[in-house]
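Student: Structure of the sequence below:
(chains A and B)
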Amino acid sequence: QVQLQQWGAGLLKPSETLSLTCTVYGRSFSGFYWSWVRQSPGKGLEWIVEISHSGSTRYNPSLQSRVTISLDTSKTQFSLWLSSVTAADTAVYYCAMVDTAMVPNDYWGQGTLVTVSS
Amino acid sequence: DIQMTQSPSSLSASVGDRVTITCRASQGISNDLAWFQQKPGKAPQALIYHASSLRSGVPSKFSGSGSGTDFTLTISSLQPEDFATYYCQQYNTYPLTFGGGTKVELK
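Tutor: Numbering: from 1, shown residues only, chains lettered A, B, ... in the order given. Below you'll find the predicted structure:
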């Protein structure tokens, strides 16, 4: 049973850096794509960034200048940093991973509500 | 960016109804389209990849079709557990983009 457990600070002030980590349990850490997706309150889904099993990274251009993603295979964790946050970054942030099967299997964290407020 | 437009944005239906949701891409994406279901307070979960291939464990009442720019998700007989919001996502071109969602509510 694959589980993704995510954590990080839920309340930030403007200009601070958002930091979230997702730990993967129950599955080998190879052969996946790892992503972060966010959802503003009452709104739809926005893809933020993806890192592949080969280390290739893809960013949403709207956030690229502020986003960093990293992978720690020894800890089966991946992390997101988003710098210089504003109220517009208030959202539920989800970590997700997708395997490379012919019909992929996706796994998601439970979501973390991050609120940016002074 | 490729824009994904879903319609309708919401619909009311009864248990047992057949429901169809459409998704249109602003440019051709071959069959690089996924459908997700999201229930309140929960993470999305994929139902379909490659426009029409059911993810493992997804019941066959869900089906998808389409290629190029126009896609549909059909639920053949709506059950209480299917009341949720559905999103399409294209993965043909980065950045990956989602449709705005279709909320399926009980009539």
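Student: Now the residue of chain A found nearest chain B: closest residue in space, sequence neighbours ignored.
Tutor: In chain A, no residue comes nearer to chain B than A:W108, which is 3.6 Å away by CB to the nearest CB. Where C-beta positions appear, they are placed from N, C-alpha and C, glycine not excepted. Distances taken as CB to CB, 6 or more residues apart in numbering or on different chains place B:A43 nearest to A:W108, at 3.6 Å, with adjacent residues excluded.
Student: Neighbours of the one you found, how many?
Tutor: Using other CB atoms under 10 Å in any protein chain shown, B:A43 is surrounded by 22 other residues.
Student: Residue 27: what's it in contact with?
Tutor: Looking at chain A here, since you left the chain open. Each residue near A:R27 by CB atoms under 8 Å, 6 or more residues apart in numbering or on different chains is listed here: A:V2, A:Y107.
Student: not quite, I wanted chain B
Tutor: By CB under 8 Å, 6+ apart, the contact list for B:Q27 reads B:I2, B:T69.
Student: is it true that it lies in a strand?
Tutor: No - going by DSSP: H, G, I helix; E, B strand; the rest coil, the assignment for B:Q27 is coil, not a strand.
Student: Once you drop chain neighbours, what's closest to A:Y59?
Tutor: Going by CB to CB, 6+ apart, A:Y59 has A:V49 as its nearest residue, at 5.1 Å.
Student: oh sorry, the question was meant for B:S10
Tutor: Nearest non-adjacent residue to B:S10, counting by CB to CB, 6+ apart: B:K103, 4.2 Å away.
Student: how about the residues of chain B that lie near chain A?
Tutor: B:1, B:36, B:38, B:42-46, B:49-50, B:53-56, B:87, B:89, B:94-101 (CB under 8 Å from any CB of the partner chain).
Student: Which members of those are positioned in strands?
Tutor: Cross-referencing the residues of chain B next to chain A against strands under DSSP state E gives B:F36, B:Q38, B:Q45, B:A46, B:Y49, B:S53, B:L54, B:Y87, B:Q89, B:T97, B:F98.
Student: Could you dump those residues into TSV with pLDDT and neighbour count added?
Tutor: Shown next, in TSV, are those (pLDDT from 0 to 100; neighbours: other CB atoms under 10 Å in any protein chain shown):
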residue	pLDDT	neighbour count
B:F36	98	25
B:Q38	98	19
B:Q45	97	17
B:A46	97	23
B:Y49	97	24
B:S53	97	15
B:L54	97	18
B:Y87	98	26
B:Q89	98	21
B:T97	98	23
B:F98	98	21
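Student: Appreciated, that's everything.
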